[in-house]
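>>> quick one, structure for this:
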Amino acid sequence: MEIKYQILIFVVALSFGSAFSQSCFRCASISWSDQELDLPTSELGYPSCDDGNLQVVDCSSQGGCLKIDYSFEFNVALVGSVTSETVFRDCGANLNVCESATEDQLNTQRGLINSMLPAGVEFVSGSGNACFCTGNFCNGAPGLSISITALLASLLVSYIVIKW
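Numbers count the residues shown, from 1 in each chain. Just a heads-up that it's a prediction; the model follows:
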């Protein structure tokens, strides 16, 4: 019975140790549907999100991560319709919230958006999400993830069940 308490204390100690750091991915990518166009891509000083070699940064001072995914459609003079996919990941606020911008919401801002674009490029439509989260690497690609605390707790429960 004494070994069970030692394992429990070990699991609790690990969970407190992991609570002080906030690790996030850092990258930026802008891709265009028409690759022949000479349009800006990821010139922000961030590694590309498409490389699979995402940069890991310590965001403990901010307390959270940020992930932005947007899709925009433009009408480009002499080319026609062009779509861009934008992904941005970095440190963010200590929040767990996602906000989406629907096509209707962006359309109400069409005049402002077009005022910021170069001549010959017109905003047509767009949509996307901006999310803040507080888990380690929570701004990565969607998928199944499990924390070390949950993993160790499940191993502890399995051990106890096997021993009884």
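
>>> shaky segments in the protein?
1-20, 35-44, 51, 53, 142-164 (pLDDT under 70).

>>> go again with 90.
1-21, 28-54, 76-80, 84-87, 99-121, 125-127, 140-164 (pLDDT under 90).

>>> and the strand or helix carrying Asp69, what does it pack against?
Assessed by DSSP states H and E, Asp69 sits inside strand 64-76. Counting contacts by 3 or more CB pairs under 8 Å, 6 or more residues apart in numbering; DSSP states H and E, strand 64-76 packs against strand 23-32, strand 80-92, strand 121-133. Placement of C-beta: from N, CA and C, glycine included.

>>> tell me which of those strands lies nearest to Cys98.
Closest approach to Cys98 among these is made by strand 121-133 (4.0 Å; CB to CB).

>>> just want the angle from the closest one to strand 23-32.
Here strand 121-133 runs at an angle of 160 degrees relative to strand 23-32 (axes from the mean of the first three to the mean of the last three CA atoms, to 10 degrees).

>>> just the buried residues of strand 121-133, please?
Of the residues in strand 121-133, Phe123, Val124, Gly126, Ser127, Gly128, Ala130, Cys131, Phe132, Cys133 count as buried by neighbour count, 16 or more other CB atoms under 10 Å.
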